[in-house]
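Student: Need a 3D model of the sequence below.
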Amino acid sequence: MVEIAHLLDELTCAGCGTPNALWLYPVRGVVECRECGEKASILLDPLDGPDSLGSLDGLDSCGGDR
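Tutor: Residues are numbered from 1 along each chain as shown. Now for the predicted structure:
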């Protein structure tokens, strides 16, 4: 089975500081650094649709809704 992953351009890993090494696995709800292996769980709202990944305007600086 092929798993879909998206490179998160222009983002830096908080664990190792490597830029452009973060990959989003939307089916598993995980962001992973390909350099150090650090992982973070995420929550996606299925009602927003697939285009919701392209905009983070709805989040404030702490990651919550405005």
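
Student: How about the contacts made by L7?
Tutor: The contact partners of L7, taken as CB atoms under 8 Å, 6 or more residues apart in numbering, are N20, L22, W23, L24. Backbone N, C-alpha and C define where each C-beta goes, glycine included.

Student: one more time with 10 Å, if that's ok
Tutor: Contact analysis of L7 by CB atoms under 10 Å, 6 or more residues apart in numbering lists N20, A21, L22, W23, L24, R34.

Student: for T12, same thing?
Tutor: Here T12 is in contact with T18, P19, N20, A21, L22, C33 (CB under 10 Å, 6+ apart).

Student: and with 8 Å instead?
Tutor: T18, P19, L22.

Student: How about L43?
Tutor: Taking CB under 8 Å, 6+ apart, one finds G29 in contact with L43.

Student: Now do the buried residues in stretch 2-14.
Tutor: Neighbour-count burial for stretch 2-14 flags A5, L8, C13 (criterion: 16 or more other CB atoms under 10 Å).

Student: Now that we have the contacts of L7, which of them are buried?
Tutor: The neighbour-count criterion (16+ other CB under 10 Å) marks A21, L22, L24 among these as buried.

Student: any weak-confidence spans in this structure?
Tutor: 1, 44, 46, 48-66 (pLDDT under 70).

Student: That one: strands as residue ranges?
Tutor: Secondary structure of the chain (DSSP state E): strands at 6-7, 22-25, 30-33, 39-41.
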